[in-house]
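K.L.:
structural data only, the sequence is not supplied:
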């Protein structure tokens with residue numbers, strides 16, 4: 001049976017067409033706050049239950065509890081604070097406000113709490129560092145000085161060019177039931193697939209009924225693969241190498257925090273809400289640079305025996321010339337001189353130079369897809 005939503009209920013914070021038209025028609029009567037794209041995406045994830053049990057942005061009580069205990073104030077596991085920051089507000093607690101993105105009202109918010117916060121404390125708790133070179137820390141220090149907590153109602157979604165690949169938790173749960181999948185393992189990715197990814201995914205699939213490949217679409221670092229390249233690469237991989245009755249592909253919009261261990265828990269919670277029972281946790285999951293140890297994201301799951309989704313720790317794959325296949329350190333008896341590790345940096349360098357990677361590192365069909373794009377990487 002697919003997993004229960006985190007916190008016991010799948011949140012839906014959308015409104016009817018009539019309510020939307022009425023609120024938008026009265027928009028000039030509400031105080032307005034402009035939000036960035038990442039916050040607008042967080043809004044959608046709240047409204048469609050990806051962040052269940054959150055009904056809105058964190059109030060001060062929940063904010064402090066998440067920072068200090070990695071749990072909401074009701075003791076539900078939660079590791080990443082989902083926040084709305086604002087300039088000195090022209091509204092008070094109890095007001096309803098409208099949130100705008102790119103000139104469009106995207107949500108109405110019922111203000112429950114307005115509070116100040118310490119940016120350095122936030123960065124240290126969530127990222128384990130206050131180094132301004134860390135992309136998450138950099139984002140925190142660019143935030144406004146006030147946080148606003150309260151429930152939201154989604155009015156409009158921001159444009160989604162990959163809408164046909166987007167499934168909400170209510171939809172994936174139906175899909176999994178229709179396919180008869182009682183156990184489902186999720187794999188999050190922000191890269192095109194190489195044979196190491198394929199090995200890990202299929203190794204996990206041997207233990208469950210279904211595999212849910214869930215690429216993250218959204219803001220990425222320079223050098224990352226573009227969203228459309230990732231999708232097309234997985235399409236061709238699914239066409240030729242995946243069992244159609246045991247694997248499915250759907251995207252989620254999400255702005256990476258690069259918070260390492262804490263974000264690994266957050267990613268697991270998101271897939272639990274999609275209905276997954278298992279989650280593949282990668283080496284240095286959600287990491288960046290050298291801020292986290294390679295297996296810190298595995299260790300943190302020991303602190304959450306009540307998480308409600310089973311982490312799967314599958315060791316990093318490499319190609320062994322003696323074994324003549326993809327293996328990992330647990331199953332391969334041969335020395336390092338026989339091993340060829342898969343380096344994302346090396347693969348990018350080869351692709352940029354127009355060199356096709358060896359077939360044991362990347363499927364030829366995947367390379368052909370990448371090569372069909374004039375600019376496959378974020379600049």
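P.N.:
Received it, and whenever you're ready, just let me know what you need. Because the structure is a prediction, the values reported are computed rather than measured.
K.L.:
and residue 359, helix, strand or coil?
P.N.:
Following DSSP: H, G, I helix; E, B strand; the rest coil, the label given to residue 359 is coil.
K.L.:
in this structure residue 12 contacts residue 170, no?
P.N.:
Yes - checked against Cβ atoms under 8 Å, the pair residue 12 and residue 170 is within contact range at 7.5 Å. C-betas here are computed from N, CA, C, even on glycine.
K.L.:
got the domain ranges for the chain?
P.N.:
6-154, 164-371 (automatic domain parsing).
K.L.:
same list, those, but as TSV with distance to residue 379, mean neighbour count and mean pLDDT please.
P.N.:
Converted to TSV, those look like this (distance: least, Cβ to Cβ, whole Å; neighbours: other Cβ atoms under 10 Å; pLDDT from 0 to 100):
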stretch	distance to residue 379	mean neighbour count	mean pLDDT
domain 6-154	16	18	97
domain 164-371	6	18	95
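K.L.:
ok so, going back, now list whatever residues contact both of residue 12 and residue 170.
P.N.:
Listed as contacting both residue 12 and residue 170 by Cβ atoms under 8 Å, 6 or more residues apart in numbering are 48, 49.
K.L.:
just give the nearest non-adjacent residue to residue 364, would you?
P.N.:
Leaving aside its sequence neighbours, residue 364 sits nearest to residue 356 (Cβ to Cβ, 6 or more residues apart in numbering; 6.9 Å).
K.L.:
and that neighbour, how far is that from residue 211?
P.N.:
Residue 356 sits 27 Å away from residue 211, going by Cβ to Cβ, to the nearest Å.
K.L.:
go on, residue 218?
P.N.:
Noted for residue 218: a distance of 22 Å to residue 211, by Cβ to Cβ.
K.L.:
check residue 347 too.
P.N.:
The gap separating residue 347 from residue 211 is 23 Å, by Cβ to Cβ.
K.L.:
try residue 312
P.N.:
Taking Cβ to Cβ, one finds residue 312 at 11 Å from residue 211.
K.L.:
overlap in contacts, those two.
P.N.:
185, 204.
K.L.:
what sits up against the helix or strand containing residue 63?
P.N.:
Here residue 63 sits within helix 60-69, counting by DSSP states H and E. Applying Cβ under 8 Å, 6+ apart, the external contacts of helix 60-69 come out as 58, 71-73, 78-81, 83, 113, 115, 117, 121-122, 125-126, 147, 149.
K.L.:
partner strands of the helix or strand just after it and their direction?
P.N.:
Sequence-wise, the next helix or strand downstream of helix 60-69 (DSSP H and E) is strand 85-86. In the sheet, strand 85-86 lines up against strand 146-154 (antiparallel) (DSSP bridges).
K.L.:
for whichever helix or strand comes after the partner strand, give me every contacting residue.
P.N.:
Per DSSP H and E, strand 146-154 leads on to helix 169-178 as the next helix or strand towards the C-terminus. With contact meaning Cβ under 8 Å, 6+ apart, helix 169-178 is reached by 2, 5, 10, 12, 48-50, 52, 167, 184, 210, 212, 248, 250, 273-275.
K.L.:
now do stretch 22-35
P.N.:
With Cβ under 8 Å, 6+ apart as the test, stretch 22-35 has contacts from 15, 43, 84, 86, 89-91, 95-101, 105-106, 108-109, 148, 153, 155-156.
K.L.:
any idea how far apart the tips of that stretch sit?
P.N.:
22 Å (Cα to Cα, to the nearest Å).
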